[in-house]
Structure formats: C-alpha cells, structure tokens
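S.K.: Attaching a predicted model along with its sequence, questions to come.
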Amino acid sequence: MRSSALVLFVCAGLLLSGGAILGVSTSWNLFRMSYYFWTTDVGVELGASILFIAGALLCLPACWLASLVPYYPKSISILSTLMVLVTAALVLLSTGMTSIMALSKATRDPSMIKTSMLRAMSVESQDLAVKNAFAAMQIELKCCGVNSYSDWSMHRRGLPSACCGRVMNVKSVDRCEYPLYNVGCLRPAVNELRLFVNSLSVLTCSIICVMAVTLFATAYTLVTGVADRTKTLQPLRRRASAPPASPRPAPAPPRPCGPAPPRPAGADKRPQGSYKWKSTDATGGARRASGRREAFSVHSSRSLTRPGAAARGGATIG
C-alpha cells in the first residue's frame, strides 16, 4: 500500500504539470487560431478541442485527491472520488483524440482546406467576420491570398491592407499596392495545424498514460484497504456471532494471614462406628478360624474309623 501511495503522489505532480500545460496551450492556440473558424471548414474539429480543456481542468482536483492518498490510504470516499474524476478525464481526452484524428486527416489532404479558403475569400467583401479573419490570418502567418497574392484579383480590385502588414482602421484605406508577403496562406496554415495536432497528441497521450497509472494505483489501494478492513473486522464478527460464555465462578476469598485458629475439643477423636466395624471384622475372622478347626477334627475322626486304619496307624506309630 505504501508503494501505491508513493506512485499516486508522483502521478499527482505529473497530472498538475501536464494538466496546466495542456489547458493553457490549448486555450491559447484556440484563441490565436480563431480565424480558422471563418476561413476554413475545420472549425468543428478545432471546436472539439474544448474537450481537452475540460479534461485538463479535471486534472486539478484529481491531482489534489491523489496527493491526499498517502495521508489517508484507507479512505474509501477519497479513493472512489479520485477514480471517478480520472475516468471522466480519460473519457473526455479520448473523445477529443477522435477530433484530432479528423484534423490530422485534413492536414494530410490540404485540398479541402484550400477549397474552403477560396470559398471564404469570395464572400470576404460581404461578411465582416470573414474579412477580419482573413486580415488576422495574413498578418499572423505573414502571407497573402491562398496560393499567392494573385488570388485576390478574382474577387476585388486591389489587395487588402493586411498583405502589406497593416491593420485596417476607419481612417486608412483597405488597399495595398505592393504586397509585403508574396507567399500564399495555404502552406503556412497547414503547417500550423499540423504542429498543433502533433503537439496536442503527444501531450494528451502522455497525460492519458499518467491517468491510466493513477487509475490502476487507486484501484489497487482501494482493494488492498478493503481487504485489510475485512481481515480486521472478521474476528469481531466471529465474537459477535458466538454464543455468550457462561459466567465464571466467583473467586475464593483470600486466606487470612497469621496463625491457624485453635481446633475445638474432641475434634481428633474418631467416630465409634469405625471401632465397631473393626471389632465385627475381628469376630468374623475368629469364627472362620474356629470353623476350620472343627472341620479338620471331623475329618480326622472319620479317617480313624476306616478298616486297616488302626494297623497302618499302629505300624506307623511303632
């Protein structure tokens, strides 16, 4: 659990720096390249870049919660909230990557951008927003026209003041006789969009990898904390479900110190029943001994009454 908390602490720093860079760079690029919304047909793909800004904003609370995990590793509310924020940020960034793929396809095939820019140039004199967008793009990219400055000759008499590096105002005339930039805006615009797509893709993929590690470490910490809590509560549940134990007997009172109390008189005498039992036992033994002597005398008298007993006896005596 300590290793996962350390990983989350490191990911918190990476999410903070990566989210700040992603959000600030995407916002600045969208603001700076806002002229593409009126001069090209890639406005929808560029507008989807707001998803990156939303994902970058979610990195800030996710960073804060990830930095709290080492101090509260068993807080289920913090871990679950962090997982929800990281998952939402992953969904937003993954959805934004699909729009970047469409924008990357447009940079690989500049014919669509060229067609949309020529179409916008045809209505430049009628739409003030398109006119301002073309002026900003030509000053920012230091270009004039789409392929070259000669493209303006099909839609207006002279060149716009942006081709000379000037911003049109009320007092000045929106006309340029000698263009300052001879190159068209198609190639610089495609190069700028390609650089935006590549940088945004690399930064987003890096943040997605950090978020994946953060999500895995958060899930591991959550599962480990729940398992430890279950092991801790299991003995308590067993004690609660076990039948109540029988009450223990009261302990014996302590034995008083000092000499033993005197015994009452006559306590050492034995009961009379024991002596009576012994006398009865002795009388019975005497009776059995006398009975054996009587049986022996009877047997002797019978042997003397048999024939030849006297002769054998006399011979024996003699």
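M.R.: Noted; the coordinates are in hand. Residues are numbered from 1 along each chain as shown.
S.K.: Enumerate every residue touching L215.
M.R.: Counting by Cβ atoms under 8 Å, 6 or more residues apart in numbering, L215 touches M83, V86, T87, L90. C-beta coordinates here come from the backbone N, C-alpha and C atoms, glycine included.
S.K.: Y72 too?
M.R.: I78.
S.K.: Where does pLDDT dip in the stretch 151-300 of the chain?
M.R.: 167-175, 229, 231-250, 252-300 (pLDDT under 70).
S.K.: Please narrow the contacts of L215 to those residing in strands.
M.R.: Members of the contacts of L215 lying in strands (criterion: DSSP state E): none.
S.K.: Just give me the closest of the residues you listed to F52.
M.R.: L90 (12.3 Å; Cβ to Cβ).
S.K.: My read is that that closest one contacts C209, right?
M.R.: No. With contact defined as Cβ atoms under 8 Å, L90 does not reach C209; the gap is 10.6 Å.
S.K.: More neighbours: which of these two?
M.R.: More crowded of L90 and C209, by other Cβ atoms under 10 Å: L90, with 18 against 12.
S.K.: what's the closest non-adjacent residue to the more buried one?
M.R.: Ranked by Cβ to Cβ, 6 or more residues apart in numbering and with sequence neighbours excluded, the top spatial neighbour of L90 is M211, at 5.3 Å.
S.K.: Which of the helices or strands spans the one you found?
M.R.: Assigned by DSSP states H and E, M211 belongs to helix 186-241.
S.K.: Also E124?
M.R.: Assigned by DSSP H and E, E124 falls outside every helix and strand.
S.K.: Can you give me the neighbour number for it?
M.R.: Taking other Cβ under 10 Å as the criterion, the count of residues near E124 is 21.
S.K.: Offset the numbering so it begins at 691, please.
M.R.: OK, 691 is where the count begins now, so the last one is E814.
S.K.: ok, it - contacts?
M.R.: E814 neighbours (Cβ under 8 Å, 6+ apart): V820, K821, F824, H845, R846, P850.
S.K.: Of those residues, which belong to helices?
M.R.: In this view, the contacts of E814 that belong to helices under DSSP state H are V820, K821, F824.
S.K.: tell me the pLDDT at the first one?
M.R.: The per-residue pLDDT reported for V820 equals 86.
S.K.: Now do the helix or strand where L769 lies and helix 876-931, the angle between them.
M.R.: Per DSSP H and E: L769 is located in helix 766-798. Here helix 766-798 runs at an angle of 160 degrees relative to helix 876-931 (axes from the mean of the first three to the mean of the last three Cα atoms, to 10 degrees).
S.K.: Check the model's average confidence along the helix or strand following helix 766-798 for me.
M.R.: Next in sequence after helix 766-798, counting helices and strands by DSSP H and E, comes helix 801-812. Across helix 801-812, pLDDT averages out at 87.
S.K.: neighbouring contacts of helix 801-812?
M.R.: Under Cβ under 8 Å, 6+ apart, the answer for helix 801-812 is 728-732, 796-797, 820, 823-824, 835-837, 841-842, 845, 875-876, 879-880, 883.
S.K.: what do you get for stretch 722-741?
M.R.: The contact list for stretch 722-741 (Cβ under 8 Å, 6+ apart) reads 716, 719-720, 782-783, 785-786, 788-790, 792-793, 796, 802-803, 806-807, 810, 817, 819-820, 822-824, 826-827, 830, 879, 882-883, 886, 890.
S.K.: quick revisit: and the residue nearest to L780, what is it in contact with?
M.R.: Shown in contact with M901 (Cβ under 8 Å, 6+ apart): L705, A752, V776, A779, L780, L783.
S.K.: Please give the element, helix or strand, for the nearest residue to the fourth one once chain neighbours are set aside.
M.R.: It refers to A779. Using Cβ to Cβ, 6+ apart and skipping residues adjacent in sequence, the residue nearest A779 is L748, 4.0 Å away. Using DSSP H and E, L748 falls within helix 740-758.
S.K.: what angle do that helix and helix 876-931 make?
M.R.: With the same axes, to 10 degrees defining the directions, helix 740-758 sits at 40 degrees from helix 876-931.
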